[in-house]
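Student: okay, sequence plus prediction incoming.
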There are 2 protein chains.
Amino acid sequence: MMIEPRTLKGFRDYLPAAMIPREWLIEKARQVYRSYGFSPIDTPALEYREILEGKGSDETDRQMYRFEDHGGRKVGMRFDLTVPLARFAAQHIGQIGTPFKRYHIATVWRGENTQRGRYREFMQCDFDTIGTRSAVADIETALVIVDLFRTLGFEDFTIRINNRMVLTGLLEKLDLIEKSTVVLRALDKLPKIGRDKVAQEMITTAGASQQQASDVISLAELKGSNDEVLLQLEQLLIGNETGQAGIARLRQVLEAVAATGVPRQFLQLDVSIARGLDYYTGVIFETFLGSLPSIGSVCSGGRYDNLAELFTRQELPGIGASLGLDRLLAAMEELGMIEATNTPADVMVVFFDKDRLYDYLQIAQRLRTAGLAVEVYPEPKKLGQQLKYADRRGFRTVIIAGSNELETGTCQIKDLKTSKSVEVELGGNIADTVETIKKILNS
Amino acid sequence: MMIEPRTLKGFRDYLPAAMIPREWLIEKARQVYRSYGFSPIDTPALEYREILEGKGSDETDRQMYRFEDHGGRKVGMRFDLTVPLARFAAQHIGQIGTPFKRYHIATVWRGENTQRGRYREFMQCDFDTIGTRSAVADIETALVIVDLFRTLGFEDFTIRINNRMVLTGLLEKLDLIEKSTVVLRALDKLPKIGRDKVAQEMITTAGASQQQASDVISLAELKGSNDEVLLQLEQLLIGNETGQAGIARLRQVLEAVAATGVPRQFLQLDVSIARGLDYYTGVIFETFLGSLPSIGSVCSGGRYDNLAELFTRQELPGIGASLGLDRLLAAMEELGMIEATNTPADVMVVFFDKDRLYDYLQIAQRLRTAGLAVEVYPEPKKLGQQLKYADRRGFRTVIIAGSNELETGTCQIKDLKTSKSVEVELGGNIADTVETIKKILNS
């Protein structure tokens, strides 16, 4: 009896058409991370349950895949890369030393409700600088995000930046600091449910007065250029040290990023972003695509005071952000930024004459040496059949050479888009062929 | 109370020093696979248990991590990439079409006995050509292996090639074909336990006669050049179709590989390799490093008649091989082929003068634009402390610029290996600096 071939609900196969842009994007992210001196690390998919439990939210605890292993150990599959990083840092930071800049691109698992269109297996793509409170790390985090999106081909995106210290300063001034978690959770909903409902929530859950709620929301609604907003914030937070320090840090980051030549429009001060998570304490970021703001932030993060307090007494401040791979790929597809192809190769060599296989293999090998990726069709089938295959795979060009061509040291290069062919010399060096193929690929 | 930060037994963290060469090797493998037109795919870490169970050996069944998910489904973590490929092919080959060339580089899990020094989580790096019986796929598999090892910097390695049809032919001739599994399992042990014990095992487990056992072993022990062995095999298997077809295929592969310019020493016919797995039916490969043969095969594979017979009635012949990443990395380390470093960056910019941060950020950004990977030290600590950090991370060069240098548009480039510094112009373009750094890195 046959077993039905199927994947689990919430899991998916990546076929070449999906995997090729995915690998491309991951490689670009790696290049950018490396160019700033971030080093790769990896951690196990499975951890002791006590390492993972109670570190995210109640939801992540509930969604965690958990079981007993062969030795009766209680284990769980990682649901993010932050908890493993905290465990990793607590365990190895003595050996590695600080500052420590790492990136981690790896799969995580959550038994989510798939009705919300969520997957239960997805990839995260994080970078963090650990062990320093320096503004340089904040500045570089912004620069990395700018470089990431420009490298991927985006010219219209906005990094919204804020500093939790500004909000904290205001809550201190208003004597609401004890209620900060619930106040910020309400504030996070401002774009979705509007001013009145947010105020109501603050009054109900945090016991804020109408005036206090209004003050918090007014600050979050400050509008204007970065400089204008900074000046208004300075006024609003007169006499509050935390707030003024937060404003100074924001000013420093914005100035330094501009000083490196990054156009000012990429970074926008937005006092409304709060990033509800408790553990952010300083500068925070969200990134939106100008052409698709509705998909939400595609790269978010922020500064924290203490990464690994549950695992070590060593204080590890840091800052990091996470690139939303799946969301970004969906966006790039929607924006037509991804060319549909099922092959990573540049050209296919047709197996035209059944007695000339060695010639085809030689041509392919010479083109590879010249830097092209080449597929040789494995069977001497009819030309039409081979061309159909090439088209289906997404090849733009094929090489056709019969005995006549090979005798005279030439071949035909066919452009499958225009259906035009040109004859080129194979010659002593294969430069002509390479150039012709590249010209077609770039046209 | 603190939670002790630790990894599960048999699992490991990859610190940058281990992860940098790992990423390098994986990227090289990807490049080679792509250059032959293999496309990337990925499949879920978790599969329905019925997909995975009974597909490997009793051992893989026993070692499989298995549990019930939130929906009460019986699931398992993949223990190799071959079973998922079979499931994937059965499910998608209609859409993808054949021939289908894919690579898959991904993590697998086995609850192995760690006392044998085995890990319970490791990465596999497979490539396969599915849906064709063509010799071209066999030839290309050999070419890919050659390219892989040359690209990684090996000049002394041997791909041992055999064809299961030769062994099958002999067993047909000897009327031992019904016992082929146990005979080949015994034959696999030849290098380890020697001729006599192998013969004894064949007699005991397969009911072979002394003469039959001796004939099988004699064939496996044939020695000589590839051509000499082929001629001897033709004699020994006169009148047996299977055997002669197997010999013809071997001859074709050896000739074609040589015709593409691959030096003959890389491919060696070795009739003793049998690769015990039942599902190989044609050409088989193992790869050994000349300088470290003792670590065993670092790339193995072969041809099979029917990849996915448990999941589909469609016959899917193919051929593939798997690069032994962990083994290879261990070998490269032992052979001194891996430079020890904890950073992927080329140069560190010292944060020398606390008032000159923007200059340092600008220098870094300009060097990145020129293609270098650059880390800026985040705090204006003492020079000695920053140099110590750079050394610990494995930086070869640092850039030092105080106010005096910056006023005159210059900087110092220090070679941390020789402790020598040179002054270079930062200039309008930063080409001088880039060139000097590259020269040091390549020296």
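Tutor: Received, thanks.

Student: where's the helix or strand where residue A:25 lies relative to the chain centroid, distance-wise?
Tutor: Assigned by DSSP states H and E, residue A:25 falls within helix A:16-35. When distances are taken as Cα atoms, centre = their mean, to the nearest Å, helix A:16-35 is centred 9 Å away from the chain's centroid.

Student: pLDDT on the helix or strand following it, on average?
Tutor: Helices and strands here follow DSSP H and E; after helix A:16-35, the next one along the chain is strand A:39-40. Taken as a whole, strand A:39-40 has a mean pLDDT of 98.

Student: name the helices or strands packed onto strand A:39-40?
Tutor: In this structure, strand A:39-40 makes packing contacts with strand A:100-109, helix B:16-35, judged by 3 or more Cβ pairs under 8 Å, 6 or more residues apart in numbering or on different chains; DSSP states H and E. No exception for glycine: its C-beta is placed from N, CA and C like everyone else's.

Student: run me through the strand neighbours of that strand, direction for each.
Tutor: Sheet pairing for strand A:39-40, assigned by DSSP bridges, gives strand A:100-109 (parallel).

Student: residue A:212 versus the residue lying closest to residue A:244 once chain neighbours are set aside, what's the distance?
Tutor: Across the structure, with Cβ to Cβ, 6 or more residues apart in numbering or on different chains as the measure, the residue nearest residue A:244 apart from its sequence neighbours is residue A:237 (6.0 Å). The spacing between residue A:237 and residue A:212, counted by Cβ to Cβ, to the nearest Å, is 15 Å.

Student: for the residue nearest to residue A:244, give me its contacts.
Tutor: A:166, A:169, A:170, A:173, A:243, A:244, A:247 (Cβ atoms under 8 Å, 6 or more residues apart in numbering or on different chains).

Student: and what of residue A:110?
Tutor: A:60, A:63, A:64, A:79, A:118, A:120.

Student: out of those residues, which is nearest to residue B:392?
Tutor: If you rank the contacts of residue A:110 by distance to residue B:392 using Cβ to Cβ, residue A:79 comes first, at 32.8 Å.

Student: for that closest one, helix, strand, or coil?
Tutor: Under DSSP: H, G, I helix; E, B strand; the rest coil, the three-state class of residue A:79 is coil.

Student: so how far is chain B from it?
Tutor: Using Cβ to the nearest Cβ, to the nearest Å, one obtains 13 Å as the distance from residue A:79 to chain B.

Student: also residue A:398?
Tutor: With the distance defined as Cβ to the nearest Cβ, residue A:398 ends up 12 Å from chain B.

Student: same check, this time on residue A:15
Tutor: From residue A:15 to chain B the distance is 6 Å (Cβ to the nearest Cβ).

Student: please apply the same query to residue A:165.
Tutor: 19 Å.

Student: across the sheet, point out what pairs with the residue most central in space within chain A.
Tutor: Within chain A, the residue whose C-alpha comes closest to the C-alpha centroid is residue A:323; the distance, by Cα atoms, centre = their mean, is 2.4 Å. As for beta bridges, residue A:323 partners with residue A:299 under DSSP bridges.

Student: doesn't residue A:141 make contact with it?
Tutor: No. Residue A:323 sits out of contact with residue A:141 when judged by Cβ atoms under 8 Å, with a separation of 11.8 Å.

Student: coming back round to it: for the contacts of residue A:237, which one is nearest chain B?
Tutor: Minimum distance to chain B across the contacts of residue A:237 is 18.6 Å, recorded for residue A:247 (Cβ to the nearest Cβ).

Student: for burial, what's the neighbour tally of that closest one?
Tutor: The tally of other residues near residue A:247 (other Cβ atoms under 10 Å in any protein chain shown) stands at 23.

Student: quick one: which helix or strand includes it?
Tutor: Residue A:247 is located in helix A:241-259, with elements delineated by DSSP H and E.

Student: next helix or strand past that helix?
Tutor: Next element after helix A:241-259 (DSSP H and E): strand A:267-269.

Student: hmm, back to that, pick out the most distant pair among the contacts of residue A:110.
Tutor: Taking every pair in the contacts of residue A:110 and measuring Cβ to Cβ, the maximum separation is 14.6 Å, between A:64 and A:118.

Student: settle it for me: which of those two has more neighbours?
Tutor: For the pair residue A:64 and residue A:118, the greater number of neighbours falls to residue A:64 (21 against 13), based on other Cβ under 10 Å.

Student: what sits closest to the more buried one if chain neighbours are left out?
Tutor: residue A:76 (4.8 Å).

Student: quick one: the one you found from chain B, how far?
Tutor: Following Cβ to the nearest Cβ, the distance that separates residue A:76 from chain B is 10 Å.

Student: contacts for the helix or strand encompassing that residue, please.
Tutor: Under DSSP H and E, the secondary-structure element containing residue A:76 is strand A:74-77. Outside strand A:74-77, the residues within contact range by Cβ under 8 Å, 6+ apart are A:45-53, A:64-69, A:108-109, B:8.

Student: give me that answer again for 6 Å
Tutor: Where contact means Cβ atoms under 6 Å, 6 or more residues apart in numbering or on different chains, the residues beyond strand A:74-77 that reach it are A:45, A:46, A:49, A:52, A:64, A:65, A:66, A:68, A:69, A:109.

Student: the closest residue in space to residue A:41 that isn't next to it in sequence: how many residues sit nearby?
Tutor: In space, and not counting its chain neighbours, residue A:41 is closest to residue A:102: 4.9 Å by Cβ to Cβ, 6+ apart. Each residue near residue A:102 was counted by other Cβ under 10 Å, and the total is 24.
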